[in-house]
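1. any chance you could fold what I've pasted below:
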Amino acid sequence: MEIAYRPPRIAVRDSKAPEWATLTFPASAFTAFTAHLGTLEALGEE
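-> Below you'll find the model as predicted:
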């Protein structure tokens, strides 16, 4: 997975298949998503 900051969005793509589609998210939504993943990890709910 590759993640790139492209203001004001975050772009995500599969590094093994870069010719496939790129997903983009508002930076604030991606930040909230990754924060939530950290919360789940801390709770042992991976």
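2. mind checking which helix or strand residue 34 is in?
-> The secondary structure element spanning residue 34 is helix 27-42 (assigned by DSSP states H and E).
3. hey, C-alpha coordinates of that helix in PDB?
-> Extracted as PDB, the C-alpha positions of helix 27-42 are listed here (Å, rounded to 0.1, in the frame of the first residue of the first chain):
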ATOM      1  CA  ALA A  27      -7.400  14.300   4.800                       C
ATOM      2  CA  SER A  28      -9.600  14.800   7.900                       C
ATOM      3  CA  ALA A  29     -11.500  11.500   7.200                       C
ATOM      4  CA  PHE A  30      -8.300   9.600   6.700                       C
ATOM      5  CA  THR A  31      -6.800  11.000   9.900                       C
ATOM      6  CA  ALA A  32      -9.900   9.900  11.800                       C
ATOM      7  CA  PHE A  33      -9.800   6.500  10.200                       C
ATOM      8  CA  THR A  34      -6.100   5.900  11.200                       C
ATOM      9  CA  ALA A  35      -6.800   7.200  14.700                       C
ATOM     10  CA  HIS A  36      -9.700   4.700  15.100                       C
ATOM     11  CA  LEU A  37      -7.400   1.800  13.900                       C
ATOM     12  CA  GLY A  38      -5.000   2.800  16.700                       C
ATOM     13  CA  THR A  39      -7.800   2.700  19.200                       C
ATOM     14  CA  LEU A  40      -8.900  -0.800  18.100                       C
ATOM     15  CA  GLU A  41      -5.300  -2.000  18.300                       C
ATOM     16  CA  ALA A  42      -5.000  -0.600  21.900                       C
END
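4. who touches the residue nearest the centre of the chain in this structure?
-> The structure's the chain has its C-alpha centroid closest to residue 30; by C-alpha atoms, centre = their mean the separation is 5.5 Å. Residues in contact with residue 30, defined by C-beta atoms under 8 Å, 6 or more residues apart in numbering, are 10, 12. To be clear about C-beta, it is placed using only N, CA and C from the backbone, and glycine gets the same treatment.
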